[in-house]
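Participant: sequence and predicted model, in that order:
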Amino acid sequence: MTSAERRPVKLRPEIVALPPYKQGKPAPVDAYKLSSNENPYPPLDGVIEDVVRATSFNRYPDATALAVREVLAARNGVSVDEVHIGAGSVSIISQLISAAAGAGDEVVYPWRSFEAYPGLVTVAGATSVQVPLKADDSLDLPALAEAVTERTRVVIVCSPNNPTGTVVGAAEFADFMESIPDDLLVLLDEAYYEFIDREDAVDGLALTGRYPNLVVLHTFSKAYGLAGLRIGWAIGPVDILNAARASAIPLSVTEPSQVAALASLERDSELAERVSHIRARRNVIRDGFLDRGLRVPEAQGNFIWLGAGDETDRVQDVLYSHGIVARAFPGSGVRISIGEEESIASLFRAADEIARLLPAAHPLSTLG
Ligand SMILES: *Cc1c(COP(=O)(O)O)cnc(C)c1O
């Protein structure tokens, strides 16, 4: 049979229609890669050496990552079963969505938010309900609660929100939790937790044990600089995490990633120092953009968001011409990760040009 006659193999149509996950552009050697919210620093001192020394590459890893869970449980005052480890927190989000929602069920989340959410919901067979952000690009928690129906199985709250950088307030989050049924799973995605400097932001780790339906997600990918090793964690009620464990692909959390996480957790002061540099740099960059008349929402992650609407492609080109690879969301804006100190001068030269390109009242929010 020639390929012209061959009918396509039967696959789920909603999966065939799904765009494959789009990664940030690879950067040319002489450019700054500020497109994937990666840490510009290598893993903390000694972590790579520990991985090489302590990994038995011919053996399977510890399936439950017990040693890592023990450290995280002790730090957070919970039992080891209230901690779950995944190959990146994205895998845990996937497990929890699959564990809670299937065909005919709905998953409610803000939009725009993390690019991975829509695909994970579709793969689970469930339906996405996307709730628009507010005009200042922050999450609209009352609207998220409003969107809950009896078909809803999961609500995702992302704070700081990727890609806009805004955080949810602690009081606002408490009101939100009050307003939704306590048998509805809520995922609080705190991938950028370490970069927050607003005192009144929600702090998922301070809420452990408070809600029977809340799971908080953290990762070693961003602040710890271990994105390439794939390890993240969740803290929450045992019954929910057991459902995640049951939905997981066995043995997907590798031993090198477990060793690296453990070694990283022994290096708190070094982590704090590094995070403080990135945070300070972020604030300098945001202020520099604001000083040039550009509108950038509150930035609490390791990135800033520039709403550029129809000018998004041109803004991306300007950045590129200054040696910066950023992540463009066509028609809405550009997310720029906080990278090397030396990238700041290039960024500001680009910002001078962008300020001439965008109208003074360029929209913060052209998301959707
Ligand atoms: C980066 C990111 C994650 C974590 O990714 P992993 O590398 O899988 O741990 C989770 N949520 C959001 C919003 C992110 O931006």
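Facilitator: Looks like it came in fine.
Participant: helices of this structure, residue ranges please.
Facilitator: Taking DSSP state H as the test, the helices found in the chain are 13-16, 47-54, 66-76, 89-100, 116-124, 141-146, 170-179, 238-247, 255-265, 268-291, 312-321, 343-357.
Participant: which strands or helices does the first one pack on?
Facilitator: With contacts defined as 3 or more CB pairs under 8 Å, 6 or more residues apart in numbering; DSSP states H and E, helix 13-16 has these neighbours: helix 116-124. Where you see a C-beta, it was placed from the backbone N, CA and C, and this is true even at glycine.
Participant: rewinding a little: mind putting the helices of the chain into TSV with distance to A227 and mean neighbour count?
Facilitator: Below are these laid out as TSV (distance: least, CB to CB, whole Å; neighbours: other CB atoms under 10 Å):
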stretch	distance to A227	mean neighbour count
helix 13-16	26	10
helix 47-54	13	16
helix 66-76	17	17
helix 89-100	11	24
helix 116-124	14	20
helix 141-146	28	18
helix 170-179	27	16
helix 238-247	21	17
helix 255-265	11	22
helix 268-291	14	16
helix 312-321	21	19
helix 343-357	18	18
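Participant: closest one to the ligand among these?
Facilitator: For the helices of the chain, the distance to the ligand is smallest for helix 89-100, at 3.4 Å, taking CB to the nearest ligand atom.
Participant: sorry, back to before: lowest mean pLDDT across the helices of the chain, which one is that?
Facilitator: Per-stretch mean pLDDT for these is lowest at helix 13-16 (a mean of 90).
Participant: tally of neighbours for L18?
Facilitator: 13 (other CB atoms under 10 Å).
Participant: for it, grab phi and psi.
Facilitator: Dihedral angles of L18 (phi, psi; degrees, to the nearest 10) stand at phi -80, psi 130.
Participant: that one and F220, how far apart?
Facilitator: The gap separating L18 from F220 is 27 Å, by CB to CB, to the nearest Å.
Participant: I85 too?
Facilitator: Plainly put, I85 is 10 Å away from F220 if you go by CB to CB.
Participant: list the residues that contact both of those two?
Facilitator: Here I85 and F220 share the contacting residues I231, G232, W233, A261, scored by CB atoms under 8 Å, 6 or more residues apart in numbering.
Participant: save these as CSV, and put in distance to the ligand too.
Facilitator: As requested, the shared contacts of I85 and F220 are arranged in CSV below (distance: CB to the nearest ligand atom, whole Å):
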residue, distance to the ligand
I231, 7
G232, 4
W233, 9
A261, 11
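Participant: farthest-separated two in those?
Facilitator: Maximum pairwise distance in these, criterion CB to CB, is 9.2 Å, between G232 and A261.
Participant: list residues touching both of these two?
Facilitator: Contacts common to G232 and A261, judged by CB under 8 Å, 6+ apart, are I85, F220.
Participant: what sits against T149?
Facilitator: Contacts of T149 by CB under 8 Å, 6+ apart are E106.
Participant: just the one 3 residues further on next, same as before
Facilitator: Counting by CB under 8 Å, 6+ apart, T152 makes contact with D105, E106, V107, V108, V129, L184.
Participant: return the alpha-carbon coordinates of stretch 114-121 using PDB.
Facilitator: The C-alpha trace of stretch 114-121 is given here as PDB (Å, rounded to 0.1, in the frame of the first residue of the first chain):
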ATOM      1  CA  PHE A 114       1.600  27.800  32.700                       C
ATOM      2  CA  GLU A 115       1.700  26.500  29.100                       C
ATOM      3  CA  ALA A 116       1.700  22.800  30.300                       C
ATOM      4  CA  TYR A 117      -1.700  22.900  31.900                       C
ATOM      5  CA  PRO A 118      -3.900  22.700  28.800                       C
ATOM      6  CA  GLY A 119      -2.100  19.600  27.500                       C
ATOM      7  CA  LEU A 120      -2.100  17.800  30.800                       C
ATOM      8  CA  VAL A 121      -5.900  18.300  31.100                       C
END
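Participant: ok so, going back, for E190, which of the helices of the chain is the nearest?
Facilitator: helix 89-100 (8.8 Å).
Participant: you'd agree A260 is up against L226?
Facilitator: Yes - using CB atoms under 8 Å, A260 is in contact with L226, at 5.5 Å.
Participant: who touches both of those two?
Facilitator: P43, V47, F220.
Participant: make CSV out of these and add distance to F114.
Facilitator: Output for the shared contacts of A260 and L226, formatted as CSV (distance: CB to CB, whole Å):
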residue, distance to F114
P43, 23
V47, 26
F220, 17
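Participant: quick one: contacts for the residue of the stretch 251-368 of the chain found nearest the ligand?
Facilitator: Residue nearest to the ligand within the stretch 251-368 of the chain: G301 (7.7 Å; CB to the nearest ligand atom). Listed by CB under 8 Å, 6+ apart, the contact partners of G301 are N37, P160, N161, N162, G165, A191, Y192, F195, K222, R282.
Participant: kindly state the pLDDT recorded for the residue in the chain that the ligand sits nearest to?
Facilitator: At 2.4 Å from the ligand, G88 is the closest residue in the chain, using CB to the nearest ligand atom. Here, the pLDDT recorded for G88 equals 98.
Participant: ok, now which ones touch L96?
Facilitator: Counting by CB under 8 Å, 6+ apart, L96 has contacts V154, L185, L187, V215, A234, I240, A243, A244, S247.
Participant: what about the residue nearest to I324 when sequence neighbours are not counted, how many neighbours?
Facilitator: Spatially, and ignoring its direct neighbours in sequence, I324 is nearest to Y32 (5.2 Å; CB to CB, 6 or more residues apart in numbering). For Y32, the neighbour count with other CB under 10 Å is 22.
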